[in-house]
Structure formats: C-alpha cells, structure tokens
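In: Sequence first, then the predicted structure:
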Amino acid sequence: TAKENGRGKFCLFSAEMNQRVFEYIWLDTNLRKALEHQQLVIHYQPKIDTNGHVDSAEALVRWNSPERGLVPPASFIPYAEESGVIVPLGRWVLLSVLAQIAEWRRKGINLRIAVNVSPRQLIDHSLYNELKKALEDAQLTGCPLDIELTESCLIENEEQALAVMQLFRQLGAQIHLDDFGTGYSSLSQLTRFPINAIKLDQSFVRGVNLQPVSQSLVRAIVAVASALDLCVIAEGIETVEEDKFVIANGVNIRQGFLHAKPMSAEALEHWLKQRK
Ligand code: C2E
Ligand code: MG
Ligand code: MG
Ligand code: MG
C-alpha cells in the first residue's frame with residue numbers, strides 16, 4: 001500500500017500541475033479570441049463625494065465567455081499581465097472607455113472615469129501616443145480620465161513610470177495610487193511621483209468601525225495624504241458604519257457595494273437618472 005500511496009500522491013500532484021498548464025493554455029488561446037470577438041465588457045462603479053454626489057466612476061473589465069459566463073478580472077488579469085496580453089487588452093479598455101465617455105457627453109452625462117493600468121502597459125511606449133490620438137479623435141475637451149496604478153508600477157520601473165505619469169498629467173489625466181498600503185512603496189514615493197489621489201485598500205476599510213488598529217492606520221494615512229495635498233478615496237465600503245467612520249476621519253471619496261456595485265454602462269445611466 002506504500003506503493004499505492006506514493007502513486008496516489010504522484011497522481012494528485014500531476015493532476016494539479018496538469019490543470020494549471022491546461023488553464024494557462026486555455027487562457028492563452030481564448031483571451032486573445034475574446035479580444036477579437038468583442039467578448040470583453042466594461043462595468044462601471046460610481047464613486048461618491050462627501051456631499052453625496054457622484055464624483056466619477058471606475059471602469060472594471062469583465063469577460064463574457066461563451067463557455068464560462070461572466071468571468072471576473074481576478075481570473076484573467078494576472079495571466080494577461082504575465083503573458084503580455086494585458087497590453088492590447090488594456091489598450092482596448094482605454095479606447096472603449098473614451099468612446100463611452102464621448103457617447104455619454106452626447107447624452108448630457110459628464111463623468112470622469114478611472115481606468116486601471118498595469119505595469120506592463122506603462123513600459124509600453126505607445127500608450128501615451130495612443131491615448132493622445134484617441135482623445136483628439138473622440139474630440140474630448142480636457143482629459144476626463146483618472147489612471148489607477150498600483151504601488152508595483154512605481155517600483156518595477158521607476159524612471160519609465162515617472163516619465164509616463166508626467167506625460168499623462170500633461171494630457172490632463174489624474175494619477176491615482178490603487179490598493180494603497182498593501183504594497184512596498186515608501187512614503188517618499190508619494191512625493192516623488194505626480195500623484196493626485198490615493199485609494200485606501202479594502203483591507204483597511206473592512207470592519208474599520210470595530211478595529212482600533214485599522215482606525216489608527218486610516219487616520220495616519222489620511223494625515224499623510226492631507227499633508228501632501230492628496231485626495232483620499234476609500235474602496236470596498238460595504239456598511240453604513242464603515243462609511244460613517246471614513247467620512248468622519250477625512251476620507252474625500254467613497255466607493256463600495258454600499259453605494260453601488262459595478263454595473264453595465266446602460267445600468268449606470270439608469271442608476272444616475274434614478275438618483276436625481
Ligand atoms: P481594483 O482596481 O482594486 O478594483 C476594486 C475591486 O473591488 C473591483 O473588483 C470591485 O468590484 C471590488 N469592489 C468594489 N466595491 C467593493 C465592496 O464594497 N466590497 C467588495 N468585496 N469588493 C468591492 P473587480 O471588478 O473584480 O476587479 C478586481 C481587480 O482587477 C481590480 O482591482 C483591478 O486590479 C483589476 N482590473 C479590473 N479591470 C482592469 C483593467 O481594465 N485593467 C487592469 N490592468 N486591471 C483591471
Ligand atoms: Mg482600481
Ligand atoms: Mg483597488
Ligand atoms: Mg484591488
């Protein structure tokens with residue numbers, strides 16, 4: 001039976017490996033196809049200011065797979081980053097968002113949109129030129145975009161990241177630091193990069209009204225941000241208590257299921273109308 005156990009273990013390990021390899025191959029063929037066949041969709045999640053008004057919205061990509069249904073980004077963005085598909089995928093997101101903003105403007109809806117940008121996209125030289133051209137093509141005055149970067153963007157390629165961020169700022173986009181507090185960036189990076197806002201990670205927000213340690217961290221981060229003249233956005237607000245705590249402690253903008261879940265462009269239009 002020792003032999004059988006050994007065999008059993010080997011089989012289990014092998015099955016797991018096989019599955020991972022299979023998943024990689026499946027994503028590799030199908031994600032590129034998804035881009036070509038327009039299977040990606042963008043949902044939008046509103047962000048609320050301290051007056052209770054809609055400040056802007058975040059664009060969050062989903063994959064409408066014929067085989068798997070609506071696939072969340074966590075299941076394919078890491079793969080896309082690793083394989084490089086994130087470059088054309090991210091370009092598609094950016095251009096689609098600009099087209100959507102232009103359409104909304106024609107309908108009288110004026111909304112800034114935040115777009116998530118991966119480190120690989122920052123290194124890609126063409127991003128800035130594409131964005132510039134797309135803004136001109138869409139005839140959008142100003143640049144109603146907030147570029148959400150994670151701390152790893154700042155660390156992995158400092159010089160290049162700084163240069164691209166400055167170009168984005170010249171175009172009129174704002175730079176927001178996403179998932180703040182979860183990465184390895186130092187406070188000095190907040191001053192070295194042209195950042196407009198930081199997004200407090202959900203892990204600080206979750207149950208913050210009950211957790212003294214999270215409370216201290218939120219207060220400390222807000223203090224640093226306000227000393228540096230940065231806006232603070234809290235993400236992942238799910239309860240009234242979390243919402244009240246962050247407002248009382250100087251957070252400028254709130255985003256989370258309590259206010260609204262990410263929704264299709266059409267659903268957002270409806271949601272905006274109903275709020276009025
Ligand atoms: P993120 O940029 O930090 O986005 C926030 C995530 O938190 C979203 O997940 C959103 O649906 C979720 N969320 C918002 N409010 C709440 C809440 O109250 N409770 C909880 N539990 N979750 C909340 P989503 O849409 O699954 O996106 C996950 C991540 O995928 C994003 O995290 C972002 O890093 C990445 N991502 C999404 N779209 C894109 C994209 O177009 N490009 C790139 N590079 N990454 C993207
Ligand atoms: Mg984000
Ligand atoms: Mg985030
Ligand atoms: Mg996140």
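Out: Yep, it's here. Ligands and ions are numbered 1, 2, ... in the order given.

In: Up against ligand 1, what does the stretch 101-250 of the chain have?
Out: When proximity is defined as C-beta under 6 Å from any ligand atom, the stretch 101-250 of the chain approaches ligand 1 at 116-118, 148, 178-179, 235-238. For every residue, glycine as well, the C-beta is placed using N, CA and C.

In: Let's see that with 5 Å instead.
Out: 116, 118, 236, 238 (C-beta under 5 Å from any ligand atom).

In: Which members of those are classed as buried?
Out: 116, 118, 236 (16 or more other C-beta atoms under 10 Å).

In: Now do the same contact list for the last one.
Out: Contact analysis of G236 by C-beta atoms under 8 Å, 6 or more residues apart in numbering lists 201-202, 205-206, 255-257.

In: again, only this time at 7 Å
Out: 202, 205-206, 256 (C-beta atoms under 7 Å, 6 or more residues apart in numbering).

In: and if you look at the second one?
Out: S118 is in contact with 81, 86, 90, counting by C-beta under 7 Å, 6+ apart.

In: Could you check which helix or strand contains the last one?
Out: Right, G90. helix 86-106 (DSSP states H and E).

In: same deal with the first one?
Out: Secondary structure here is read from DSSP H and E; on that basis E81 sits in helix 77-83.

In: What segments of this structure are helices?
Out: Applying DSSP state H to the chain gives helices spanning 2-36, 77-83, 86-106, 119-123, 126-137, 151-156, 158-171, 187-192, 202-205, 212-227, 240-248, 265-275.

In: For these, which has the smallest mean pLDDT value?
Out: Of all the helices of the chain, mean pLDDT reaches its minimum on helix 2-36 (a mean of 77).

In: what does the stretch 151-276 of the chain put close to ligand 2?
Out: Within the stretch 151-276 of the chain, the residues that sit near ligand 2 (C-beta under 5 Å from the ion) are D178.

In: which residues does the residue sitting nearest the centre point of the chain form a beta bridge with?
Out: With distances taken as C-alpha atoms, centre = their mean, N116 lies nearest the centre of the chain, 3.7 Å away. Taking DSSP bridges as the rule, N116 bridges to E148.

In: Please tell me I have it right and it contacts D146.
Out: No - counting by C-beta atoms under 7 Å, N116 does not reach D146; the two are 10.0 Å apart.

In: so how far is stretch 215-234 from its chain's centroid?
Out: 20 Å (C-alpha atoms, centre = their mean, to the nearest Å).

In: Export only the CA atoms of that stretch, formatted as CSV.
Out: Extracted in CSV, the C-alpha atoms of stretch 215-234 (Å, rounded to 0.1, in the frame of the first residue of the first chain):
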residue,chain,number,x,y,z
GLN,A,215,-8.7,53.0,12.7
SER,A,216,-5.2,54.2,13.5
LEU,A,217,-3.9,53.2,10.1
VAL,A,218,-6.8,55.1,8.3
ARG,A,219,-6.2,58.2,10.4
ALA,A,220,-2.4,58.1,9.8
ILE,A,221,-2.8,57.6,6.0
VAL,A,222,-5.3,60.5,5.8
ALA,A,223,-2.9,62.7,7.8
VAL,A,224,-0.1,62.0,5.5
ALA,A,225,-2.3,62.4,2.4
SER,A,226,-3.6,65.8,3.6
ALA,A,227,-0.1,67.0,4.4
LEU,A,228,0.8,66.2,0.8
ASP,A,229,-2.4,67.6,-0.6
LEU,A,230,-3.6,64.3,-1.9
CYS,A,231,-7.2,63.3,-2.2
VAL,A,232,-8.1,60.0,-0.3
ILE,A,233,-10.6,57.5,-1.8
ALA,A,234,-11.8,54.6,0.3
